[in-house]
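>>> Sequence and predicted model, in that order:
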Amino acid sequence: MILVGTNTIMPESGERFADRCLRCVVPALEAASLRADLPETVVVVSSTKGENFDLWKPAMAFVGALHNPNLPVVVSNACTSGVCAQIVAARLIASGR
């Protein structure tokens with residue numbers, strides 16, 4: 001399970017968002033000897049700023065750059081997005097995904 005999120009202002013294109021996610025997650029994956037390209041790895045993307053741009057596009061770019069075969073789970077629900085994303089991730093893990 002990969003859980004990323006932000007509450008910073010996003011540019012309209014969302015390219016900086018995907019880039020920031022990669023710059024944070026790739027070193028963490030390497031340090032933990034984890035692989036993002038496995039079918040059992042689900043990426044949960046969270047942002048409180050989803051109303052500023054289409055969060056789906058940068059989330060897709062992010063999982064594509066990770067060579068992850070799954071669609072990302074995108075959570076954008078105002079200030080509670082981080083907690084909501086953690087709940088989604090916990091439920092996915094509990095369900096065996």
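Thanks, I have the structure now. Residues are numbered from 1 along each chain as shown.
>>> going forward, measure contacts and count neighbours with C-alpha atoms only.
Noted.
>>> in this structure, which helix has the most residues?
Ranked by residue count under DSSP state H, the longest helix found in the chain is helix 15-31.
>>> Alpha carbons of it, as CSV, please.
The C-alpha atoms that make up helix 15-31 are tabulated as CSV, following Å, rounded to 0.1, in the frame of the first residue of the first chain:
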residue,chain,number,x,y,z
GLU,A,15,2.4,18.0,-12.9
ARG,A,16,4.1,19.4,-9.8
PHE,A,17,1.9,17.2,-7.7
ALA,A,18,2.9,14.0,-9.5
ASP,A,19,6.5,15.0,-9.4
ARG,A,20,6.4,15.7,-5.7
CYS,A,21,4.8,12.4,-5.1
LEU,A,22,7.5,10.6,-7.0
ARG,A,23,10.3,12.5,-5.3
CYS,A,24,8.9,11.5,-1.9
VAL,A,25,7.8,7.9,-2.6
VAL,A,26,10.6,6.5,-4.7
PRO,A,27,13.3,7.0,-2.1
ALA,A,28,11.0,5.6,0.6
LEU,A,29,10.2,2.5,-1.5
GLU,A,30,13.9,2.0,-2.2
ALA,A,31,14.9,2.4,1.5
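>>> Pull the distance from whichever helix or strand comes after it to the chain's centre.
Counting by DSSP states H and E, the element after helix 15-31 in chain order, helix or strand, is strand 43-47. Put simply, strand 43-47 sits 3 Å off its chain's centre (C-alpha atoms, centre = their mean, to the nearest Å).
>>> What strands line up against strand 43-47, and which way round?
Sheet partners assigned to strand 43-47 using DSSP bridges are listed as strand 2-6 (parallel), strand 73-75 (parallel).
>>> Return the list of helices and strands in contact with whichever helix or strand comes after it.
Next helix or strand after strand 43-47 toward the C-terminus (DSSP H and E): helix 56-65. Contacts defined by 3 or more C-alpha pairs under 8 Å, 6 or more residues apart in numbering; DSSP states H and E place helix 56-65 against helix 15-31.
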